[in-house]
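**Q** sharing a model prediction with you, sequence too.
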Amino acid sequence: MAHLEIIETALRIFDELVVVVGFNPNKSSALFTPEERVAMLEASLSPEMRTCVRVTAYAGLTAPYAESLGACALVRGMRPYADADAEVALAFMNERLSPHLPTVLLVTGARNVWLSSTFVREAATLGRMVVPGAVPAPVEEALRRRFAPTDTDKLGT
């Protein structure tokens, strides 16, 4: 839900967005493939958003990629209590990679400040649970399909 909040906020500033689903092809720990993540995000967009948001996956450095697309800025979302240092450091690094591409840091609202991908992933993988309101409906459905409880999950078996 926090990603959608950041997209909504960014659309108040920018006429159109390219949302980049970043991934590291050398890491195999992701719950979903980049293509699945793109599809889930596209399905989570409101009809109004779909007219001005394009979702793509990319495995390289985001700033040069954004520059190659003709972007005027990088938009990053952050939680005020947990992400500030890392996001500011990343903004400085991106400034070195693409000096003419500013980074706009958007702080998530109070309703989503507790969310983290780690929390969602661990609830699904360790507890086979999806916390209500933590993710959009298409993501919740995908998580429930992937982590449906089985007979072997019952205590005593």
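**A** Received, thanks.

**Q** for the helix or strand harbouring Val38, packing partners?
**A** Taking DSSP states H and E as the definition, Val38 sits inside helix 34-44. Under the contact criterion of 3 or more C-beta pairs under 8 Å, 6 or more residues apart in numbering; DSSP states H and E, helix 34-44 touches strand 17-22, strand 53-58, helix 137-146. Heads up, the C-betas are built off the backbone N, CA and C, glycines and all.

**Q** in it, what counts as buried?
**A** Residues of helix 34-44 classed as buried: Pro34, Glu36, Arg37, Val38, Ala39, Met40, Leu41, Ser44 (neighbour count, 16 or more other C-beta atoms under 10 Å).

**Q** how far away is the last one from Val88?
**A** What it means is Ser44. Here the criterion is C-beta to C-beta, to the nearest Å. By it, Ser44 lies 28 Å from Val88.

**Q** what's the answer for the second one, then?
**A** From Glu36 over to Val88 the distance is 31 Å, taken as C-beta to C-beta.

**Q** which ones are touching the nearest residue to Ala2 once chain neighbours are set aside?
**A** Spatial nearest neighbour of Ala2, chain neighbours left out: Asn112 (3.9 Å); criterion: C-beta to C-beta, 6 or more residues apart in numbering. By C-beta atoms under 8 Å, 6 or more residues apart in numbering, Asn112 lies in contact with Met1, Ala2, Glu5.

**Q** scan the residues you listed and report the most crowded one.
**A** Using other C-beta atoms under 10 Å as the neighbour criterion, Ala2 leads those with 20 neighbours.

**Q** correct me, but that one touches Gly77?
**A** Yes - with contact defined as C-beta atoms under 8 Å, Ala2 reaches Gly77; the gap is 6.4 Å.

**Q** reformat the contacts of Asn112 as a markdown table; add secondary structure and pLDDT.
**A** As requested, these are exported to a markdown table (DSSP: H, G, I helix; E, B strand; the rest coil; pLDDT from 0 to 100):
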| residue | secondary structure | pLDDT |
| --- | --- | --- |
| Met1 | coil | 82 |
| Ala2 | helix | 88 |
| Glu5 | helix | 94 |
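
**Q** and which of the residues you listed is nearest Gly60?
**A** Ala2 (24.2 Å; C-beta to C-beta).
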